[in-house]
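>>> sequence and predicted model, in that order:
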Amino acid sequence: MIELPSMDEAEGCIQCQMGSKLVLFVTGHCHWMCDYCPLSESRREIDFMYANERRVEIDDWAAIIEEGQAMNATGTGITGGDPMMAAERSMEACRQLKSVFGPAHHIHLYTSIPFKPEVAQELADAGLDEIRFHLLNLEYERYVPTMQACRDAGLFVGIELPCEPDQEERLHELTEEMRNGPALFLNLNELEITVGNFDNMEVRGFNLSSEITAGAEGSAELAIALHAKVTPDYGYMVKFCTASYKDSGQLRRRFLRRGEHTISPHEQMTEDGTMTFGAIWCSAEDVGAWIQELQDQTGIPSQFIYYDENAGRLEIPLMLAEGIADEIEAPVAMIEVHPTHERLEVGVVWLNDARPQ
């Protein structure tokens, strides 16, 4: 068992554990085509931007800020693709976010590019706080000048890698090469087998470690051994993040946080971070009569009733929907959605026998 982030760890990790970081996907472009890349085909090598799960237009800073405000973000993680493939866009993101949320808004960025050392100061001047390098082919020396320049510019520098079970010898060598170097932390992520990389992982002979996680067999065990090996004398710290923790722990906390700041009066939040409410299907022509009758019969305040014109349904508290479902002829259901901008619908439970036409 690996402990949760503590206060001596990278600030980016601490805030991710809290679910308080906006995830800003600045581009799907990347120099490399790593066979373990988990990106789906809908994002890979496509120049789109996403703020959390919300797709936004390139440089639509107003929408990005809106998404950050919707979750009361304490920081932002800039990711991709490779954000340094859109370096100016990434730096402008830092400037925009800092101008609205203030200098305490913590921003970290991932990259696999050993860019020119002089760019490090530009990143720092733009407002970047922390940078995490993905070492292509687990090469270390070619990244040292760039990492040192980032340290000199005042950035908190680390290395973040998937823990590949068939690279055990090389990863042990890397932990030695990093001794008292420019990197202040090494983050090892459990190698994930996803829809985006399944075929490649199958070719390499990786199997799922269990039926309840996307982690590759052997990845966690190797990461735990590396974590135990590195002592404070090495001059950096090691953190291991499991696939299940990244997928369920961090994402769930982020959903809970966004839900808490965007919940409507008629909704209730589940432990999983989803939102539930009752729904009555009715036409736009009849909605006024429905609202009036609900208020006359139950005394429910108007702020607890919302008409979703696109879905053609009246949203009300779930308890009320359950209480009247058998008394009316219109379709009534319990709806469960993610608290994202798109409010992705993840569940419908019918409360009576009627169905929308």
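Okay, I see it. Numbering: from 1, shown residues only.
>>> shaky segments in the stretch 101-250 of the chain?
In the predicted model of the stretch 101-250 of the chain, residues 194-196, 198, 201-203, 205, 207-213, 246-249 satisfy pLDDT under 70.
>>> helices of this protein, residue ranges please.
11-18, 61-70, 87-101, 119-126, 144-152, 168-177, 198-203, 219-229, 243-244, 251-262, 287-298, 318-324 (DSSP state H).
>>> and those helices: which comes nearest Phe133?
Closest approach to Phe133 among the helices of the chain (C-beta to C-beta): helix 144-152, 6.2 Å. All C-beta spots, glycine's among them, are computed from the backbone N, C-alpha and C.
>>> tell me the angle the closest one makes with helix 119-126.
Here the directions of helix 144-152 and helix 119-126 differ by 30 degrees (axes from the mean of the first three to the mean of the last three C-alpha atoms, to 10 degrees).
>>> just the buried residues of helix 144-152, please?
Thr146, Met147, Gln148, Ala149, Cys150, Arg151 (16 or more other C-beta atoms under 10 Å).
>>> got it, and stretch 308-319?
Arg313, Leu314, Glu315, Ile316, Pro317, Leu318.
>>> what's the closest of the residues you listed to Glu118?
Closest to Glu118 out of those is Glu315 (54.3 Å), distances taken as C-beta to C-beta.
>>> so for Cys13, what's the pLDDT?
We have a pLDDT of 86 for Cys13.
>>> pretty sure it sits against Phe240.
No. Using C-beta atoms under 8 Å, Cys13 is not in contact with Phe240, being 11.0 Å away.
>>> need the overlap of contacts for the two.
Common contacts of Cys13 and Phe240, defined by C-beta atoms under 8 Å, 6 or more residues apart in numbering, comprise Asn187.
>>> and Ile263, what pLDDT?
On the pLDDT scale, Ile263 gets 95.
>>> for the nearest residue to Thr274 once chain neighbours are set aside, what are its contacts?
Of all residues not flanking Thr274 in the chain, Glu336 sits nearest, at 5.1 Å (C-beta to C-beta, 6 or more residues apart in numbering). If you count contacts by C-beta under 8 Å, 6+ apart, Glu336 has them with Thr270, Thr274, Met275, Thr276, Glu345, Val346, Gly347, Val348, Val349.
>>> give me the buried entries from the residues you listed.
Thr274, Met275, Thr276.
>>> so where's the stretch 251-357 of the chain shaky on pLDDT?
For the stretch 251-357 of the chain (pLDDT under 70), the answer is none.
>>> now the strands for it?
Secondary structure of the stretch 251-357 of the chain (DSSP state E, counting those that start in this stretch): strands at 268-269, 275-281, 306-308, 313-316, 332-337, 345-350.
>>> need these in a markdown table with distance to Asp326, can you?
Below are those laid out as a markdown table (distance: least, C-beta to C-beta, whole Å):
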| stretch | distance to Asp326 |
| --- | --- |
| strand 268-269 | 21 |
| strand 275-281 | 13 |
| strand 306-308 | 22 |
| strand 313-316 | 15 |
| strand 332-337 | 9 |
| strand 345-350 | 12 |
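>>> out of these, which gets nearest to Trp32?
Proximity to Trp32 (C-beta to C-beta) singles out strand 345-350 among these, at 33.6 Å.
>>> next, the angle strand 275-281 makes with that closest one.
Strand 345-350 runs at 50 degrees relative to strand 275-281, counting by the same axes, to 10 degrees.
>>> residues in contact with strand 345-350: which ones?
Thr274, Pro331, Val332, Ala333, Met334, Ile335, Glu336, Val337, His338.
>>> direction included, what does it pair against?
strand 332-337 (antiparallel) (DSSP bridges).
>>> around the residue nearest to Glu315 when sequence neighbours are not counted, how many other residues sit close by?
Once flanking residues are discounted, Glu315 sits nearest to Tyr306: 4.5 Å by C-beta to C-beta, 6+ apart. Tyr306 is flanked by 17 other residues according to other C-beta atoms under 10 Å.
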